[in-house]
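Chemist: fold the stuff below for me.
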Amino acid sequence: MTNKEALAANVMCPVPDASLELALINTEVDPSATYSIGQREGVDLATIDVLYMVYTKQDISEGGYSESHPDFLRKIKERLMRLASQYGRADVLDLLQDQTPTITSKAVW
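Modeler: Okay, the predicted model is just below:
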């Protein structure tokens with residue numbers, strides 16, 4: 001199994017090959033090299049990048065066609081949060097945290 005195949009197995013959803021390769025190259029992992037446990041962190045970091053790309057992809061709506069998968073995105077978010085937490089990716093965690101609205105002042109009518 002190559003690093004690219006390991007990344008595809010981690011992502012578990014259709015993603016263009018070029019996106020998988022780019023994510024691995026950006027984490028300094030050779031996509032065509034044989035996967036080993038020593039490559040796990042790099043492949044996991046690439047997984048974060050790919051899943052975040054999929055998670056933040058805009059919904060598509062054109063004519064009578066639309067593509068949106070809220071349950072699918074919830075599952076991606078859970079996996080992203082686990083991996084980001086494991087590797088200390090505070091930037092991803094901050095963006096994915098649920099933002100609960102708070103009242104900071106009250107208006108007098």
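Chemist: can you show me the strands along the protein?
Modeler: For the chain, applying DSSP state E gives strands covering 60-62, 65-67.
Chemist: I'd like the mean pLDDT over the last one, please.
Modeler: If I follow you right, that is strand 65-67. Mean per-residue pLDDT for strand 65-67: 66.
Chemist: quick check: which ranges of the chain have low pLDDT?
Modeler: For the chain, residues meeting the criterion pLDDT under 70 lie at 58-61, 65-72, 98-109.
Chemist: let's go with 90 and repeat that
Modeler: 12-14, 51-87, 89-109 (pLDDT under 90).
Chemist: for Arg74, see how far away the spatially closest residue to Met1 that is not a sequence neighbour is.
Modeler: Of all residues not flanking Met1 in the chain, Tyr35 sits nearest, at 4.8 Å (Cβ to Cβ, 6 or more residues apart in numbering). For every residue, glycine as well, the C-beta is placed using N, CA and C. According to Cβ to Cβ, to the nearest Å, Tyr35 and Arg74 sit 28 Å apart.
Chemist: which of these two has more neighbours?
Modeler: Taking neighbours as other Cβ atoms under 10 Å, Tyr35 and Arg74 compare with Tyr35 leading, 18 against 11.
Chemist: from Asp94, how far off is that one?
Modeler: Tyr35 sits at a distance of 30 Å from Asp94 (criterion: Cβ to Cβ).
Chemist: burial of Leu7, as a residue count?
Modeler: Quick note: Leu7 (other Cβ under 10 Å) scores 27 neighbours.
Chemist: swap in Tyr52?
Modeler: Neighbour number of Tyr52 under other Cβ under 10 Å is 21.
Chemist: what sits against it?
Modeler: Remark: with contacts taken as Cβ atoms under 8 Å, 6 or more residues apart in numbering, Tyr52 is in contact with 80, 92.
Chemist: same question, Leu96
Modeler: 55, 77, 80-81, 84.
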